[in-house]
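K.L.:
this one's structure only:
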């Protein structure tokens, strides 16, 4: 059976775009306790400490907010950029959920 990860989310920014759209930036950190004997390398230690930045775009349809797009911040090269992880095109009723985010 696959072990379930524990993820902590920190909201670091909210940017309303009119009355029917908003963008929320979060940092997702994997807080799953390490099993006995597990020793993370420097890369894993840094990722667990610093987390991964995501931008979630929500759109309001009727009276419900729906996740429209999820982007991950890619911080390499000159300055970094957002990379699309998920884009919803049908926007049928959907409960906003960060379960779709794959932080690690």
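P.N.:
Yep, that arrived. Bear in mind that the values here come from a model prediction, so they are computed numbers and not experimental data.

K.L.:
contacts, neighbours, all on C-alpha from now
P.N.:
Fine.

K.L.:
show me where this structure has its strands.
P.N.:
7-16, 21-30, 52-61, 64-74, 81-87 (DSSP state E).

K.L.:
between the last one and strand 52-61, how big is the angle?
P.N.:
Taking axes from the mean of the first three to the mean of the last three CA atoms, to 10 degrees, strand 81-87 and strand 52-61 form an angle of 50 degrees between their directions.

K.L.:
what residues sit buried inside the lowest-mean-pLDDT helix or strand in the chain?
P.N.:
Sorting the helices and strands of the chain by mean pLDDT, DSSP states H and E puts strand 81-87 at the bottom, at a mean of 81. Using 16 or more other CA atoms under 10 Å as the test for burial, strand 81-87 gives residue 85.

K.L.:
in a markdown table: the strands of the chain, plus distance to residue 40.
P.N.:
Output for those, formatted as a markdown table (distance: least, CA to CA, whole Å):
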| stretch | distance to residue 40 |
| --- | --- |
| strand 7-16 | 17 |
| strand 21-30 | 12 |
| strand 52-61 | 17 |
| strand 64-74 | 22 |
| strand 81-87 | 26 |
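
K.L.:
just grab the bridge partners of residue 53 for me.
P.N.:
Counting by DSSP bridges, residue 53 forms beta bridges with residue 27.

K.L.:
contacting residues around it?
P.N.:
When contacts are counted by CA atoms under 8 Å, 6 or more residues apart in numbering, residue 53 touches 25, 26, 27, 28, 72, 73.

K.L.:
lowest average pLDDT across the strands of the chain?
P.N.:
For these, mean pLDDT drops lowest on strand 81-87, to a mean of 81.

K.L.:
who does that strand pair up with?
P.N.:
The pairing partners recorded for strand 81-87 under DSSP bridges are strand 64-74 (antiparallel).
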